[in-house]
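**Student:** predicted coordinates and the sequence they were generated for:
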Amino acid sequence: MSDNIKPADNGPIDAVILWVDGSDARLAEKRRRYLAEKQLTSAHPGAIPARFASSNEIRYCVFSILKFASFVRNIYIVTDEQNPGLNDEVKARFPERAGCLKIVDHREIFRDYEEYLPSFNSSSIHTMIWRIRGLSDNFIYFNDDMILIRETSAEDWFIDGKPVQRGKWLLPPVRKIAGNAIKILINKHLRGNRDYRPKISFYIRQWQTALLLGRRWRYFFHCHTAHPMRITTLEKYFRANDELLRKTISYRFRDAEQLLASSLAYHLEIRNGTAHLARLNLGYLHPWYSEERLNRRIDRCTKDQRIKSICVQSVEMMSGNQREKIFNWLDNVLNLNNAPDLNNGN
């Protein structure tokens, strides 16, 4: 099912980033046509336009990998007929890494499964990234809002070829499940809103995925961080469970019933005894923070040497001052204040 190299020990390690530019008129039209065909609206929980917004976080994500994960061999950017246009700046700032960026279209990873395209669902898309041609067996999966802020080594991600999985054990999210049931009862049956759907829960989806593998009473919860994953683990599982793979990628927009491939990979490695479990080393930056709280968060990320990455969530919902503060800070962290000479590549 794959055309990939199987390394020894840690072997080569690549990075994979999912990226979409929601302002692209062609992509917006493709999404509009599909919604109309299925008689859905942009109010569908997985189709809200903000889900596809881009504020150039991809630039910070890529440069953070080049600066703080120099062991990464190639960076694969998975897109739908798009290109973030970073090659010239990579060549100028990191001339020794020119050519490390690889653009991967959805059609490549969905080969033999083309009937499930187009897909506007990051959960469906990241279920298929292990099928990238030439991808190293050990790879790190990023969303474009995940940014490294300190030096990392290969051993922060893989030890003896086994992924270092950062998170914590939790009990089943009973309160969230009960809360959703109450919301459905009130909105669908008492208020008559038949189209109501509760907010998709990151906790519930991870637990449901763990439950597939027999984890009934507790599950290993991961946050919005980059994930070390292995082709061999996912390929072996989906080779034996093609029907489940097809069901997972059949959702064109994010759905509460959909398994989460990152959680699946984590629990497969745990079940196989091939995971190293570790504490989170992540900082969150949200649009809902007050200016004072945002300043405290940035200050903590700056000073706490244990925090090696951040997730800048929902940048499009932040105020101009919040965005400016975060991006100015990241410019300093990544030494991006100087404008590169894009003509001479230095």
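**Tutor:** Ah, there it is.
**Student:** can we go C-alpha only for contacts and neighbour counts from here?
**Tutor:** Fine.
**Student:** for the residue nearest the centre of the chain, give me the pLDDT.
**Tutor:** Central residue of the chain (Cα atoms, centre = their mean): Asn143, 3.1 Å from the mean position. pLDDT, Asn143: 94.
**Student:** and it, what are its bridge partners?
**Tutor:** Leu18 (DSSP bridges).
**Student:** now the strands for the stretch 101-250 of the chain?
**Tutor:** Taking DSSP state E, counting those that start in this stretch as the test, the strands found in the stretch 101-250 of the chain are 101-105, 138-143, 146-148, 158-159, 162-166, 168-170, 219-221, 227-230.
**Student:** hmm, who's touching the longest one?
**Tutor:** If you take Cα atoms under 8 Å, 6 or more residues apart in numbering as the criterion, strand 138-143 is touched by 7, 10-19, 157-158, 161, 163, 225-231.
**Student:** swap the cut-off to 6 Å and go again
**Tutor:** The contact list for strand 138-143 (Cα atoms under 6 Å, 6 or more residues apart in numbering) reads Ile13, Asp14, Ala15, Val16, Ile17, Leu18, Ala226, His227, Pro228, Met229, Arg230.
**Student:** the fourth one too?
**Tutor:** Outside of strand 158-159, the residues that reach it under the criterion Cα under 6 Å, 6+ apart are Val164.
**Student:** need the three-state assignment for Gly283.
**Tutor:** Here Gly283 is recorded as strand under DSSP: H, G, I helix; E, B strand; the rest coil.
**Student:** wait, isn't it in contact with Ile310?
**Tutor:** Yes: look at Gly283 against Ile310 with Cα atoms under 6 Å: they come within range, at 4.5 Å.
**Student:** got the residue ranges for the helices in this structure?
**Tutor:** Secondary structure of the chain (DSSP state H): helices at 25-37, 57-68, 87-93, 106-109, 122-127, 174-184, 202-212, 231-240, 242-249, 261-272, 291-303, 320-333.
**Student:** any idea how far Phe221 is from Pro172?
**Tutor:** Per Cα to Cα, to the nearest Å, Phe221 is found 10 Å from Pro172.
**Student:** before we move on, back to that, closest to Arg194 out of the helices of the chain?
**Tutor:** Taking Cα to Cα, helix 174-184 is the member of the helices of the chain nearest to Arg194, at 9.2 Å.
**Student:** what about that closest one, distance to the chain center?
**Tutor:** 26 Å (Cα atoms, centre = their mean, to the nearest Å).
**Student:** between the contacts of strand 138-143, which is closest to Lys199?
**Tutor:** Using Cα to Cα, Leu18 comes nearest to Lys199 of the contacts of strand 138-143, at 22.2 Å.
**Student:** list the residues that contact the closest one.
**Tutor:** Listed by Cα under 6 Å, 6+ apart, the contact set of Leu18 reads Ile77, Val78, Asn143.
**Student:** check what pLDDT it gets.
**Tutor:** Looking at Leu18, its pLDDT is 96.
**Student:** which one among the contacts of Leu18 gets closest to Ser124?
**Tutor:** Taking the contacts of Leu18 together and measuring to Ser124 by Cα to Cα, the closest member is Val78, at 12.3 Å.
**Student:** next, count neighbours for Asp21.
**Tutor:** 19 (other Cα atoms under 10 Å).
**Student:** how about residues contacting the biggest strand by length in the chain?
**Tutor:** If each strand of the chain is counted by residues according to DSSP state E, the longest one is strand 72-79. With contacts defined as Cα under 6 Å, 6+ apart, strand 72-79 is touched by 13-19, 100-105.
**Student:** who wins for neighbours among the residues you listed?
**Tutor:** Among the contacts of strand 72-79, Val16 has the most neighbours (other Cα under 10 Å), with 28 neighbours.
**Student:** re the thing from before, now the contacts of strand 72-79 in JSON lines, with distance to His126?
**Tutor:** JSON lines is the format used below for those (distance: Cα to Cα, whole Å):
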{"residue": "Ile13", "distance to His126": "17"}
{"residue": "Asp14", "distance to His126": "15"}
{"residue": "Ala15", "distance to His126": "13"}
{"residue": "Val16", "distance to His126": "9"}
{"residue": "Ile17", "distance to His126": "9"}
{"residue": "Leu18", "distance to His126": "7"}
{"residue": "Trp19", "distance to His126": "11"}
{"residue": "Cys100", "distance to His126": "20"}
{"residue": "Leu101", "distance to His126": "18"}
{"residue": "Lys102", "distance to His126": "16"}
{"residue": "Ile103", "distance to His126": "15"}
{"residue": "Val104", "distance to His126": "12"}
{"residue": "Asp105", "distance to His126": "12"}
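**Student:** and of those, the nearest to Gln305?
**Tutor:** Closest to Gln305 out of those is Ala15 (22.9 Å), distances taken as Cα to Cα.
**Student:** coming back round to it: of the contacts of Leu18, closest to Glu29?
**Tutor:** Among the contacts of Leu18, Val78 lies closest to Glu29 (Cα to Cα), at 19.5 Å.
**Student:** beta partners of that closest one?
**Tutor:** When assigned by DSSP bridges, Val78 has beta-bridge partners Leu18, Val104.
**Student:** if I look at it, how far off is Glu269?
**Tutor:** 24 Å.
**Student:** tell me which of those two has more neighbours.
**Tutor:** A direct count of neighbours by other Cα under 10 Å for Val78 and Glu269 places Val78 higher, at 25 against 21.
**Student:** so how far is Phe94 from that one?
**Tutor:** Counting by Cα to Cα, the separation of Val78 from Phe94 is 21 Å.
**Student:** check Arg131 too.
**Tutor:** Using Cα to Cα, Arg131 is found at 28 Å from Phe94.
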